[in-house]
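Asker: Model the following, please.
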Amino acid sequence: MSGSDFNRVIIIGAGMSGLCAAAALVRGGWPHGITILEKAAKPGKKILVSGNGRCNLTNSRIEGRKGAEFYNDPLFLRGVLETYGYKYIRSFYNSLGLLLSDPDADGRVYPASFSAAAVVRILKNAVAGRAEIITGADAVLSESGAAGQGYNIITADGRAFLGGSVIYSAGGCAAGNESPCYKLLDGLASVSPPRPSLCPLPCEKADLYGLENTRVKARVAGLGRTEDGEVQFRKDSLSGIVIFNFAAVLQRAGKAGGVLSLDLFPKLTGGALTEFIAGLSGINTDALGALSGLVPDGAARNVLKRLKIDPQMPASGICGDIPGQIAGLLKNLTFRVKMQPSFCEAQCVAGGVPTDEVDSGTFGVKKHPGFYIAGEALDIDGECGGFNLHFAAASGISAANAILLKREIW
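Answerer: Below is the predicted model of the structure:
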């Protein structure tokens, strides 16, 4: 390996982790070569679809120990996020010329333009002329040189790239991405099987009667968790940010399914709701029409079906025990859910390289100096709200800074 090859940094994957790592190297004055190998035809493919094209980059709640609680491995991340928390990441993007929005009510932060395409453009501009981005390069094999002699990265079509340091940031197979080639990590790190996380939850067909294309605000409870949010009903599943977070809980617990309860009126007591529904009996309409003032028609149809009440029954029939029964369901509408088997709709994946195999300060593989793993390739997954893109950026920057520090030691 020549001196120039030994000093070269090879970054595998031009997603958020890889591009931020390259930008951090350039920003830190890395004087040697930087080569980014990207399997797809264009860099930033997954960034472009994040946040429905708006790109939820970070969250103002990500600071130190408290910020780590939004992830599956808070112990590993506490130190990381004390250094690379919300303020640091915001400042980093600003230094690249990317202005961010103010946090919304849930702490979510986007580019000021609310454009994912703008984020990719800014990151590419940050490395232009300093880092070589090679697309269509499917890195499949890593050969370690002799001690201190770096790594030889080989692509599926036989090309070889030599580097003294490697940042593996190939991401995961969420959002329809093809599965990354974990084979490249053979002999370098172990990999727990990837599993879909932050995804819709399929449920029993009978539970979804009449609800397709309906949206409700609800307090969702189950699996040891309670969270308020909007639930979207699809033909065969529940969706929405709050449901994605429950999917992550299922995945982390290793459970195949469970029961979720929706309270459509969390601020009303059961008694108050029963009293209101009892008053609907005086309205000159049918049962479905009477409930339309409380919930969307789809939810009303679902409740009436569960109670075996004809939607065309006169509203005058809403009497006796029926108001209490309707109120009971509106306060506890249950759905039998199961884990999503497909990656195509998952926003991120669980699984990957166990965190105990990398240094939490540098993201370097403990047994292989000069080899770093960042982003979704690690067994780290966070909740919805910018937490996963934040970690992708933070881990990539951390690895880059470790390489910059190593150069100073040389």
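
Asker: helix or strand for the nearest residue to E345 once chain neighbours are set aside, which one?
Answerer: Closest residue to E345 apart from its sequence neighbours, by Cβ to Cβ, 6 or more residues apart in numbering: C199 at 5.2 Å. (Each C-beta comes from the backbone N, C-alpha and C, glycine too.) Under the criterion DSSP states H and E, no helix or strand holds C199.

Asker: close enough to count as contact, C199 and P341?
Answerer: No: taking contacts as Cβ atoms under 8 Å, C199 lies outside contact range of P341: 9.8 Å.

Asker: who has more neighbours, these two?
Answerer: Neighbour count, other Cβ atoms under 10 Å: between C199 and P341, C199 has more, with 28 against 10.

Asker: what ranges do the helices span in this protein?
Answerer: In the chain, the segments counted as helices under DSSP state H are 3-7, 16-27, 45-49, 64-68, 74-83, 86-95, 116-127, 241-253, 270-278, 287-291, 297-306, 322-331, 387-409.

Asker: highest average neighbour count across the ones you listed?
Answerer: helix 16-27 (a mean of 28; mean count of other Cβ atoms under 10 Å).

Asker: and it, what other elements does it pack with?
Answerer: Counting contacts by 3 or more Cβ pairs under 8 Å, 6 or more residues apart in numbering; DSSP states H and E, helix 16-27 is packed against strand 9-12, strand 34-38, helix 45-49, helix 86-95, helix 116-127, strand 131-135, strand 165-168, helix 387-409.

Asker: run the last query once more with 7 Å
Answerer: strand 9-12, strand 34-38, helix 116-127, helix 387-409 (3 or more Cβ pairs under 7 Å, 6 or more residues apart in numbering; DSSP states H and E).

Asker: rewinding a little: run through the residues that contact the residue nearest to E345.
Answerer: F244, A247, Q340, E345, A346, Q347 (Cβ atoms under 7 Å, 6 or more residues apart in numbering).

Asker: Repeat that for E132.
Answerer: The contact partners of E132, by Cβ under 7 Å, 6+ apart, come to I34, T35, I36.

Asker: Does the last one touch G18 like I think?
Answerer: Yes: taking Cβ atoms under 7 Å as the contact criterion, I36 and G18 are neighbours in contact, 5.8 Å apart.

Asker: what touches both of those two?
Answerer: In the contact map built from Cβ under 7 Å, 6+ apart, the residues linked to both I36 and G18 are I11.

Asker: tell me the pLDDT at the closest residue in space to D236 that isn't next to it in sequence?
Answerer: Among residues not flanking D236 along the chain, P202 sits closest, at 5.6 Å (Cβ to Cβ, 6+ apart). Model confidence at P202, given as pLDDT, is 94.

Asker: same question, the one 10 residues further on
Answerer: In the prediction, the pLDDT value recorded for E212 is 97.

Asker: To what extent is G229 buried, counted in neighbours?
Answerer: G229, neighbours per other Cβ under 10 Å, totals 18.

Asker: That one - nearest residue in space that isn't next to it in sequence?
Answerer: Here the residue nearest G229, using Cβ to Cβ, 6+ apart, is V242, at 3.0 Å.

Asker: Isn't the one you found up against E227?
Answerer: Yes: at 5.1 Å, V242 counts as touching E227 under the criterion of Cβ under 7 Å.

Asker: How many residues are close by the nearest residue to K39 once chain neighbours are set aside?
Answerer: Closest residue in space to K39, ignoring its immediate chain neighbours: D138 at 4.6 Å, by Cβ to Cβ, 6+ apart. By the criterion of other Cβ under 10 Å, D138 has 19 neighbours.

Asker: again, but for H32
Answerer: For H32, the neighbour count with other Cβ under 10 Å is 17.

Asker: again with the one 3 residues further on
Answerer: In terms of burial, T35 registers 20 neighbours under the definition other Cβ under 10 Å.

Asker: about what we covered before: residues shared between the contacts of V242 and E227?
Answerer: Shared contacts of V242 and E227 (Cβ under 7 Å, 6+ apart): V220.

Asker: I figured R234 hits L211, correct?
Answerer: No: using Cβ under 7 Å, R234 is not in contact with L211; the gap is 8.6 Å.

Asker: Comparing the two, which shows the higher neighbour count?
Answerer: Neighbour count, other Cβ under 10 Å: between R234 and L211, L211 has more, with 24 against 16.
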